[in-house]
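> sequence and predicted structure are below.
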Protein chains: 2
Amino acid sequence: MQMALNEARAAATRGEVPVGAVLVRGSQVVARDGNRTRELSDPTAHAEMLVLRAGAAQLKAERLLTCDLYVTLEPCAMCAGAISFSRIRRLYYGAPDPKGGAVESGPRFFSQPTCHHSPEVYGGIAERQAAEVLRTFFQERR
Amino acid sequence: MQMALNEARAAATRGEVPVGAVLVRGSQVVARDGNRTRELSDPTAHAEMLVLRAGAAQLKAERLLTCDLYVTLEPCAMCAGAISFSRIRRLYYGAPDPKGGAVESGPRFFSQPTCHHSPEVYGGIAERQAAEVLRTFFQERR
C-alpha cells in the first residue's frame, strides 16, 4: 500500500486527483500507476483501470485470477465492475469514499446479484495516509 | 441503433460477446465499435468503453457533454460508471440485461446518490433485434 500511496502522490504532482493502485501477483508487482484522466483525456483512466488493463495485457489474459489489487481509495462503480470482470482475488483499499465509492458505499456493487465475481475485500488499509493525500490535494486547490 | 447492431454482429464474427456501441454528436458519428475483450486481452474492452475512450481521445476532452451513446445492451456497472464520468447527454440502449445490467437492473447506478451525472436514458430501442443477436450467439456456442 505504500507503493500505491507513492503513485497517488505522483498523480497529485501531475495535477490529477491523487489515487494510486498496484497490481501484485504473489510477491511480484505486475503494474503500478496513478490516476491519469486529465493527462490522457480519458474519463476511464482511473488508477485501478490502468493497472488492470496493464496487467491483463502483460499476462495476455482477460482474467487475473491470481492477482491482488491495492488501491488508496474505495473503488467507484466503474472500477468495481472492472475488478469483478478481471476476477481479482483480493482487493485492499485505503480510504472509504462515501461520495463516489461502490464497495461499502452507494451501489455496494460486490453484494449485487448482478455481480458474478467478488474479490475478498479489505478496506481501511493505511486509511489515514490515503485520506490525507486527498485532503491536502483538494485543500491546495480551494 | 442499426449501426450499433452491425457492430454487435461484427463482434460475434470475431468470437466476442455481441454488443455494439456508437457515440454520436448531433448527426456526426464520433466513434463506433463492438466488444473486444478477448481480442485485446482487456477485461474493460466493452463496446461502450471503447467508444467513450475513442471519443474522448478524438475530442481531447474527458467530458463528452454534447454526445449521445447508442448501445445494443443495457450497460453494466463499469460502463454505467464510465458513461456518468463522461457526462454523456443521452443514453439509448437495446435489450435489458437482468443478469449483468446496472441501469434498470442490479445497482441501478444512475439512481444512486454516488452517481454525480445521469444521462437521459431511453431503453428498449430495437430491443428485439438486439436480444436476437445475443441469443443466436449463445445458442451457437451451446
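Received the coordinates, thanks.
> so which residues of chain A form helices?
In chain A, the helices defined using DSSP state H lie at A:2-13, A:47-59, A:77-86, A:127-140.
> tell me the angle of the shortest one relative to helix B:77-85?
When axes from the mean of the first three to the mean of the last three CA atoms, to 10 degrees is applied, the directions of helix A:77-86 and helix B:77-85 differ by 160 degrees.
> A:Ala57 reaches B:Thr44, doesn't it?
No: A:Ala57 is beyond contact range of B:Thr44, at 10.8 Å (criterion: CB atoms under 8 Å). Using the backbone N, CA and C atoms, a C-beta is placed for each residue, glycine as well.
> what about the two, which has more around it?
B:Thr44 (26 against 13; other CB atoms under 10 Å in any protein chain shown).
> tell me how far the more buried one lies from A:Pro119.
From B:Thr44 across to A:Pro119, the span is 16 Å (CB to CB, to the nearest Å).
> same check, this time on A:Thr37
In terms of CB to CB, A:Thr37 sits 23 Å off from A:Pro119.
> ditto for A:Met49
Taking CB to CB, one finds A:Met49 at 15 Å from A:Pro119.
> so the two - more neighbours on which side?
A:Met49 (30 against 20).
> got the contact list for A:Arg14?
Going by CB atoms under 8 Å, 6 or more residues apart in numbering or on different chains, A:Arg14 touches A:Gly34, A:Arg36, A:Arg38, A:Glu39.
> are any of these buried, and if so which?
A:Gly34, A:Arg36 (16 or more other CB atoms under 10 Å in any protein chain shown).
> which of the contacts of A:Arg14 lies closest to chain B?
Closest approach to chain B among those (CB to the nearest CB): A:Arg38, at 6.7 Å.
> leaving out sequence neighbours, find the closest residue to the closest one.
Distance criterion CB to CB, 6 or more residues apart in numbering or on different chains; nearest residue to A:Arg38, sequence neighbours excluded, is A:Glu16 at 5.6 Å.
> now the one you found: how far from chain B?
Going from A:Glu16 to chain B by CB to the nearest CB, to the nearest Å gives 11 Å.
> count the residues that sit near that residue.
21.
> surely it and A:Asp42 touch.
No: with contact defined as CB under 8 Å, A:Glu16 and A:Asp42 do not form a contacting pair (11.3 Å).
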